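1. Show me how the following folds:
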Amino acid sequence: MQTDATPLPQISRTSWLMVVSLGLVWGSTFVVIEVALRGITPFWLAAARISFAMLLMLMFWSLRGFPLFLSRARPWGRLALIGLLSSALPFTLLGWGQQYVTSGFAGVCMAAVALMVLPLAHVFLPGERMTLRRTTGFLIGFAGVSLLIGAEAFQSSGATLEPLGRLACLGAACCYAVSAVVMRRLPPMDPIGIATVPLIFGTLMVIPTAWVAEGPPPLPPAQTLLVLLFLGLIPTAAANMLRVLVIRSAGPVFMSLTNYQVPMWSVLLGVLLLGEPMRASLLAALALILMGVAISQWGALLRLFPAAR
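-> Numbering: from 1, shown residues only. Modelled structure (predicted):
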């Protein structure tokens, strides 16, 4: 049943463009993070990434006069929760968990966000019902991601703390799913403000955590600082802004399509830019992912291409 606070999702050509852009940006981020980890520890990497993004968004927000609330509602608690679940906690969990699990398992966990969003949106959001068609499409897409990543996702890393590492990665996926639904349920608010305030809360949470876990902040080399600035600007600040716009307009279920694209773009860029081998399963995996997207978003695709009706 629809509520006054949460309008029905509106999926447009711009929505598709933003989701594809997010998949491309986040899919190319893994290599950059690997470079950054050569000069900084995982928790401080998360803290620096969020902090830089927060400062950039804060400057941008200040140019607009710090608008935030567009109604009488003042959901500070939910904004703090979004800050915790969309940046501080998942960045920290992934940074710690990926020390003990295979990269394939982490990739499957991120793809699983799309499946986790489905039941949450079904219960809490109008216009986001978990239909048979939509569920089938998401399951097919998830199968495509699993095939794309391969057997590595299900192999053991041999690390003693691997079970806890896997729980950490799954916990990060749950954080992303819940934060998307909570963000969608916010009352009318300025989109720049929604993108900035949770980053402020996230920064206040992640810096003390990094200090306790890894000691005082290190002084990374100049190359690492440049990489951290890039991570703060593009895949965190700019991408977070796009994420807010997609969730607030098209809804978290549509936004979750990004999670299928991330491993797809990661593999494709490896083939195109790094000369990695083209595995026989790649085309089949891409076909399954695209088929799943088409089935789950059939109505939105028809509206995108009216002549196909």
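2. Now Tyr100: phi and psi?
-> Main-chain dihedrals, Tyr100, degrees, to the nearest 10: phi -120, psi -10.
3. any idea how far Ala168 is from it?
-> Look at Tyr100 and Ala168: by CB to CB, to the nearest Å, they are 8 Å apart. For glycine as for every other residue, the C-beta is placed from the backbone atoms N, C-alpha and C.
4. Give me the more crowded residue out of those two.
-> Ala168 (24 against 19; other CB atoms under 10 Å).
5. okay but that one is in contact with Gly97, surely?
-> Yes: contact criterion CB atoms under 8 Å: Ala168 and Gly97 qualify, at 3.1 Å.
6. Quick check: which element contains Leu120?
-> Using DSSP states H and E, Leu120 falls within helix 113-124.
7. Packing partners of that helix?
-> Under the contact criterion of 3 or more CB pairs under 8 Å, 6 or more residues apart in numbering; DSSP states H and E, helix 113-124 touches helix 132-149, helix 162-184, helix 252-255, helix 258-274.
8. now those in CSV, with distance to Ile11 and mean pLDDT?
-> Listed next are the helices and strands packed on helix 113-124 as CSV, based on distance: least, CB to CB, whole Å; pLDDT from 0 to 100:
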stretch, distance to Ile11, mean pLDDT
helix 132-149, 13, 85
helix 162-184, 13, 92
helix 252-255, 6, 90
helix 258-274, 14, 77
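9. any idea which of those helices is most buried?
-> helix 252-255 (a mean of 28; mean count of other CB atoms under 10 Å).
10. how far does it sit from the chain's center?
-> How far helix 252-255 lies from its chain's middle: 11 Å, per CA atoms, centre = their mean, to the nearest Å.
11. Need the residues that contact it.
-> Here helix 252-255 makes contact (CB atoms under 8 Å, 6 or more residues apart in numbering) with 9, 11, 15, 19, 114, 117-118, 120-121, 125, 128, 134, 177, 180-181, 183-184, 243, 246-247, 297, 300.
12. Where does the prediction get shaky in the stretch 151-300 of the chain?
-> Applying pLDDT under 70 to the stretch 151-300 of the chain picks out residues 151-155, 157, 274, 276, 279, 300.
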